[in-house]
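> Pasted the sequence and its predicted model underneath.
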Amino acid sequence: MNNSLTQFLINYAPFVLLFAAGWFFGTRHERQHLAQLSIDEQALSHIIVSSERFYRPNIAANSQGELVLGSVVIGQDYFKMIIARVLSIFGKNLTTYETLLDRARREAIVRMRTEANAKGCNHIYGLRLEVTNVNQLGSMVEAIAYGTAVISTDHTPIVSATHASPARVSSAFPSIS
């Protein structure tokens with residue numbers, strides 16, 4: 001009996017330890033990324049983002065619209081993919097993929113805002129998001145956010161479903177899968 005327990009531990013302990021370490025470090029990295037995204041979104045909150053297609057802000061006299069783009073590829077760790085595969089068997093919500101898509105969209109918008117800020121623009125309108133799988137397993141997604149950046153004379157932030165405040169830009173868009 002003792003010999004079979006020892007053999008079981010020898011066979012499966014490394015797998016369990018690696019799984020636990022991967023889960024711990026993957027979750028820690030995800031939390032750090034979400035915290036950094038919140039800091040970056042707060043730092044760029046002066047840039048107003050609108051997703052309306054034909055919205056025209058009050059543009060400054062010397063401003064011309066410029067395309068700004070943010071792109072990111074984010075990968076899911078394999079331990080969360082295993083959990084997602086098990087959950088999909090039972091028809092559950094795949095929260096591991098939801099957080100992956102949320103992080104990708106938010107990071108793409110932060111990078112787009114950073115580009116607009118570097119060009120001296122304070123307003124982005126016509127925001128569009130594109131999300132796609134990079135590999136067949138679905139463990140990596142690419143998110144692209146793009147819009148037209150201008151120097152606007154509007155100084156009051158607009159809060160509505162289409163003129164999302166900087167902290168709520170990612171929640172203004174439905175999940176893309």
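Cool, got the structure. Numbering: from 1, shown residues only.

> all helices of this structure, in order?
2-43, 78-89, 95-118 (DSSP state H).

> Flag the shaky bits of this structure, pLDDT-wise.
Where the chain drops to pLDDT under 70, the residues are 1, 137-138, 154-177.

> nearest spatial neighbour of residue 19, skipping sequence neighbours?
residue 79 (6.0 Å; C-beta to C-beta, 6 or more residues apart in numbering). Just so you know, the C-beta spots here come from the backbone N, C-alpha and C atoms, and that holds for glycine as well.

> which of the helices of the chain is buried the deepest?
helix 95-118 (a mean of 21; mean count of other C-beta atoms under 10 Å).

> Which strands and helices lie in contact with it?
For helix 95-118, the elements it packs on are helix 2-43, strand 66-75, helix 78-89, strand 123-133, strand 140-150, judged by 3 or more C-beta pairs under 8 Å, 6 or more residues apart in numbering; DSSP states H and E.

> can you list those in TSV and add distance to residue 53?
Below are the helices and strands packed on helix 95-118 laid out as TSV (distance: least, C-beta to C-beta, whole Å):
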stretch	distance to residue 53
helix 2-43	23
strand 66-75	15
helix 78-89	34
strand 123-133	6
strand 140-150	10
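
> what's the closest of the ones you listed to residue 102?
Of all the helices and strands packed on helix 95-118, it is helix 2-43 that lies closest to residue 102, at 8.5 Å by C-beta to C-beta.

> could you check the angle helix 95-118 makes with that closest one?
30 degrees (axes from the mean of the first three to the mean of the last three C-alpha atoms, to 10 degrees).

> Now do helix 2-43: distance to the chain's middle.
Its chain's C-alpha centre and that of helix 2-43 lie 21 Å apart, by C-alpha atoms, centre = their mean, to the nearest Å.

> buried ones in stretch 135-152?
Neighbour-count burial for stretch 135-152, with 16 or more other C-beta atoms under 10 Å as criterion, is recorded at 138-139, 141, 143-152.

> Equivalent analysis for stretch 118-136, please.
121, 122, 123, 124, 125, 126, 127, 129, 131.

> any idea how far the residue nearest to the fourth one when sequence neighbours are not counted is from residue 25?
In this structure, residue 124 finds its nearest non-sequential neighbour in residue 147, 4.3 Å apart by C-beta to C-beta, 6+ apart. Look at residue 147 and residue 25: by C-beta to C-beta, to the nearest Å, they are 35 Å apart.
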